[in-house]
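**Student:** Fold the following.
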Amino acid sequence: MAKTEQLPAVVQQERAVEFVPLGEANAIKISITQVQTYLATPTKRGAKPSTSDCIHFLMLCKARELNPWIGDAYLVGYDSKDGATFSLITAIQALLKRAEVNPAFNGITGGIVVSKDGGAAEQRVGTLLLPGDQLLGGWAAVHRKDRAIPYQSEVPLNVYNTGRSRWAVDPTGMIAKCAKAAALREAFPSQVGSLYLREELDHLAQGVVPAAATSLLESNLQEEAAAKATKQKPAAPKPESTPKPEPTEEPDAGQDQGILLTEYCEYIATLSEPTAISEVVKQSEAKEELTQPTRDAIAKTADARIKTLTDGQQGLFDKNAGATGAGH
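**Tutor:** Just a heads-up that it's a prediction; the model follows:
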């Protein structure tokens, strides 16, 4: 008799999960078969998610109150060195919905960073590119009612742009979306700190090497790319007989980076002690399989999480102090 796969109690009876998504009145019910058929993107080699992959996806959707039927989340497959791997990717609307239900949210603005006729970089509201403009990146600012200064982000185009698919036809819209996601994670790390867009991970999944930077906005990435290319050169090369290799990455390595980054950020979001979060960052710095941009993204997520925790503790202290003063 075939051995039956053991499933969590919540999906054991009908192999389905039922929950109420954020901001909705009615519950939805999603089965493993529906995930495999309608909500998952197979890998390039055609691999489909396993039952365990689907259960993990359903549990994450339930925990974060994401509705995959309206595009809040989807399951994307990558061909890694160890076989097919599937990760939960979110849409910008999922981040915006979580910001909107927060009483401190006071709006978001953003657009693109351009250089007009080779001049200085400037932020422009919206995504309209005019004749003579050179697109450099995107920017966004999230305003909170309990903060005097908005949370701002600037993201360089050459890091994210793959030159393929939607990036090829709408680079302004894509980079502006990445900037908004980054600003929202900084402003509301407890709600969206571990949620990343597919647009933000495309360059990792496809192993794209950033182009040479042409502005101050991109200078830091230029230095990182140069350092990484130097590190990848073979020891004791012989120029006269061996051509210099191009600083490229295998696609599988890029796919691994996107998966590892998501896993680290999701884990950091579950921690409530700054010391534990700092230890995760320390461990990531020692991992040889992580690239420097991935380590930097992990450290940035950790800093935002620690700031949220310390701000919350300070707010509680101020509230208690005020109550004590009122009592006197």
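
**Student:** Could you pull up the contacting residues of A269?
**Tutor:** The contact partners of A269, taken as CB atoms under 8 Å, 6 or more residues apart in numbering, are P189, S190, G193, S194, T301, R305. For the C-beta atoms, the positions are set from N, CA and C on the backbone; glycine is no exception.

**Student:** Outside of stretch 90-106 itself, list whatever touches it.
**Tutor:** Taking contacts as CB under 8 Å, 6+ apart, the residues outside stretch 90-106 that touch it are 22-23, 66, 70-74, 108, 142-147, 177, 180-181, 184-185, 187-188, 191-192, 195-197.

**Student:** so how far does that stretch reach from one end to the other?
**Tutor:** 22 Å (CA to CA, to the nearest Å).

**Student:** With stretch 64-84 instead?
**Tutor:** Distances were taken as CA to CA; on that basis the terminal residues of stretch 64-84 are 24 Å apart.

**Student:** That one: how far from the chain's middle?
**Tutor:** 13 Å (CA atoms, centre = their mean, to the nearest Å).

**Student:** Kindly report the same for stretch 134-143.
**Tutor:** Offset of stretch 134-143 from its chain centre (CA atoms, centre = their mean): 16 Å.

**Student:** coming back round to it: name only those of the contacts of stretch 90-106 that count as buried.
**Tutor:** Burial by neighbour count, 16 or more other CB atoms under 10 Å: within the contacts of stretch 90-106 this picks out 22, 66, 72-74, 108, 142-144, 177, 180-181, 184-185, 187-188, 191-192, 195-197.

**Student:** Out of those residues, which sit inside strands?
**Tutor:** Counted as lying in strands by DSSP state E, out of the buried ones among the contacts of stretch 90-106, are A73, Y74, I108, V142, H143, R144.

**Student:** Spatially central residue for this structure, please.
**Tutor:** The geometric centre of the chain, computed from its C-alpha atoms, lies nearest to Y196 (CA atoms, centre = their mean), at 2.7 Å.

**Student:** Is that residue in contact with L184, as I believe?
**Tutor:** No: Y196 sits out of contact with L184 when judged by CB atoms under 8 Å, with a separation of 11.0 Å.

**Student:** Which neighbouring residues are in contact with P171, exactly?
**Tutor:** Contacts here follow CB under 8 Å, 6+ apart; on that basis P171 touches L135, L157, N161.

**Student:** sorry, that was for F86
**Tutor:** A40, P49, D53, F57, L75, V76, G77, Y78.

**Student:** What's the first helix or strand after the helix or strand the last one falls within?
**Tutor:** Mapping Y78 onto the secondary structure by DSSP states H and E places it in strand 73-80. If you walk from strand 73-80 toward the C-terminus, the next helix or strand you reach (DSSP H and E) is strand 83-90.

**Student:** Y78 and A84, how far apart?
**Tutor:** Shown here: Y78 relative to A84, a distance of 7 Å by CB to CB, to the nearest Å.

**Student:** and for those two, which residues touch both?
**Tutor:** Common neighbours of Y78 and A84 (criterion: CB under 8 Å, 6+ apart): T43.

**Student:** Have a look at these two and say which one is more surrounded.
**Tutor:** Taking Y78 and A84 together and counting by other CB atoms under 10 Å, Y78 has the greater number of neighbours (24 against 18).

**Student:** T162: neighbouring residues, count only.
**Tutor:** When counting by other CB under 10 Å, one arrives at 18 neighbours for T162.

**Student:** give me phi/psi at it?
**Tutor:** In terms of degrees, to the nearest 10, the main-chain angles of T162 are phi -90, psi -10.

**Student:** Pretty sure it sits against H203.
**Tutor:** Yes: using CB under 8 Å, T162 makes contact with H203 at a distance of 5.6 Å.

**Student:** I'd guess I30 is in a strand, am I close?
**Tutor:** Yes: with DSSP: H, G, I helix; E, B strand; the rest coil as the criterion, I30 is located in a strand.

**Student:** that older thread, may I ask which two of the contacts of F86 are separated the most?
**Tutor:** Among the contacts of F86, the pair separated by the greatest distance (CB to CB) is F57 and Y78, at 14.1 Å.
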